[in-house]
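Asker: With the input below, show me the fold.
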Amino acid sequence: MLHVLTEIPLDPPLVRASEAMSLIARPQAIRSGRHARMVFLLDGVFLAGLSGQALEPVRGGDIIILPEGTILRQQKDPDSRGKNHFFFLFFHPSEVSGEDSFFREVTPWLAGFRILRAGQTPEIRSLLSKLREESSDGRFGARAKMNALARCLVVEVVRNMEDDHRLVPVVQRSKAYITNQAKEFVAKNFRDAIRLSDVAQWVNLSEEYLCRIFRAETGTTLFDFINAYRVECSKEALLRSTDSVSRVGELFGFSSGTLFARQFRRHAGMTPTEYRMAHGGKFGLLQGSARM
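Answerer: Reported below is the predicted structural model:
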């Protein structure tokens, strides 16, 4: 349960900053959606990690870098009361303009999940305090000053990352790498029913962000790729076995013979039966022998 204490609006590509208290009573997940974020744990301790990775303790003074589209697992630390004090800084990487050289340089630093141990230097603590104070100051120029303080905060965190060789863990993943991870999952599981949520969990991204990346990298949707992959893999079985078309489709992950035939025609330009006959598959040869 998250209780927001302060909400600070900022100008793009920054979105906002907020201060909050959180009580972690049971395991939960944070989905960053389209926003990357810096998470400053001001006080407390909890366990955190990406899906499929071991949970690591995060303590007061640590900073988490959470890329857009990432799912972060959280769990109460056995030795803590579960109450944590946070400060968040949100970014919208897709809104970084070509003319904004500052944030173009910052964006790569937000592309990987990181935990900066004791990353809150005295300078960062001071900037956090000034940003909170300025949010309650209604005088002229308050918003401009808040944006300037937020940028200074980003500078100090990135400098910290440049200097710190103890990042735990560092996961730098390009869009091509994420796409290849998704394809790897399909190759391992194409005979089974594949849900979007399964692939998203495998690559540790939200479903929406995974679909966006996959289409941008391949020019096709994830499910079109899955169906095309299944069709391609089924061709050899059509030629080498005497199983019915429906049975072959079932063996390669299609829920019905009708769906298999439709997808096969779409990706191969002919029906499975026509493919068998055209390429002299065993089933086709048996049919030909029966007519002789």
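
Asker: So which elements touch the helix ranked longest in the chain?
Answerer: The longest helix of the chain (DSSP state H) is helix 142-163. Counting by 3 or more C-beta pairs under 8 Å, 6 or more residues apart in numbering; DSSP states H and E, the packing neighbours recorded for helix 142-163 are strand 14-23, strand 36-43, strand 63-66, strand 83-91, helix 101-106, strand 112-116, helix 122-135. Every residue, glycine included, has its C-beta placed from N, CA and C.

Asker: Closest to the geometric centre of the protein, which residue is that? Let me know.
Answerer: Nearest to the geometric centre of the chain sits L205, at 1.9 Å (C-alpha atoms, centre = their mean).

Asker: Quick check: closest non-adjacent residue to that one.
Answerer: Leaving out its chain neighbours, the residue that sits closest to L205 by C-beta to C-beta, 6 or more residues apart in numbering is G69, at 4.5 Å.

Asker: next one: I124
Answerer: Leaving aside its sequence neighbours, I124 sits nearest to E156 (C-beta to C-beta, 6+ apart; 5.0 Å).

Asker: Tell me the buried residues in the longest helix of the chain?
Answerer: Neighbour counts over helix 142-163 (16 or more other C-beta atoms under 10 Å) mark 145-147, 149-154, 156-158, 160-161 as buried.

Asker: Count the neighbours of A29 for me.
Answerer: A29 has 9 neighbouring residues, counting by other C-beta atoms under 10 Å.

Asker: Kindly provide the distance from it to V15.
Answerer: To V15, A29 is 20 Å away according to C-beta to C-beta, to the nearest Å.

Asker: send the alpha carbons of the longest helix of the chain over as PDB?
Answerer: C-alpha atoms of helix 142-163 as PDB (Å, rounded to 0.1, in the frame of the first residue of the first chain):
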ATOM      1  CA  ALA A 142       8.900  27.800  -8.100                       C
ATOM      2  CA  ARG A 143       8.300  25.400 -11.000                       C
ATOM      3  CA  ALA A 144      11.400  26.500 -12.900                       C
ATOM      4  CA  LYS A 145      13.500  26.000  -9.800                       C
ATOM      5  CA  MET A 146      11.900  22.500  -9.200                       C
ATOM      6  CA  ASN A 147      12.800  21.500 -12.800                       C
ATOM      7  CA  ALA A 148      16.400  22.800 -12.300                       C
ATOM      8  CA  LEU A 149      16.800  20.900  -9.000                       C
ATOM      9  CA  ALA A 150      15.400  17.700 -10.600                       C
ATOM     10  CA  ARG A 151      17.900  18.000 -13.500                       C
ATOM     11  CA  CYS A 152      20.700  18.600 -10.900                       C
ATOM     12  CA  LEU A 153      19.500  15.500  -9.100                       C
ATOM     13  CA  VAL A 154      19.700  13.500 -12.300                       C
ATOM     14  CA  VAL A 155      23.200  14.800 -13.000                       C
ATOM     15  CA  GLU A 156      24.400  13.600  -9.500                       C
ATOM     16  CA  VAL A 157      22.900  10.200  -9.900                       C
ATOM     17  CA  VAL A 158      24.400   9.600 -13.300                       C
ATOM     18  CA  ARG A 159      27.800  10.800 -12.000                       C
ATOM     19  CA  ASN A 160      27.400   8.300  -9.200                       C
ATOM     20  CA  MET A 161      26.700   5.500 -11.700                       C
ATOM     21  CA  GLU A 162      29.800   6.500 -13.700                       C
ATOM     22  CA  ASP A 163      32.000   6.300 -10.600                       C
END
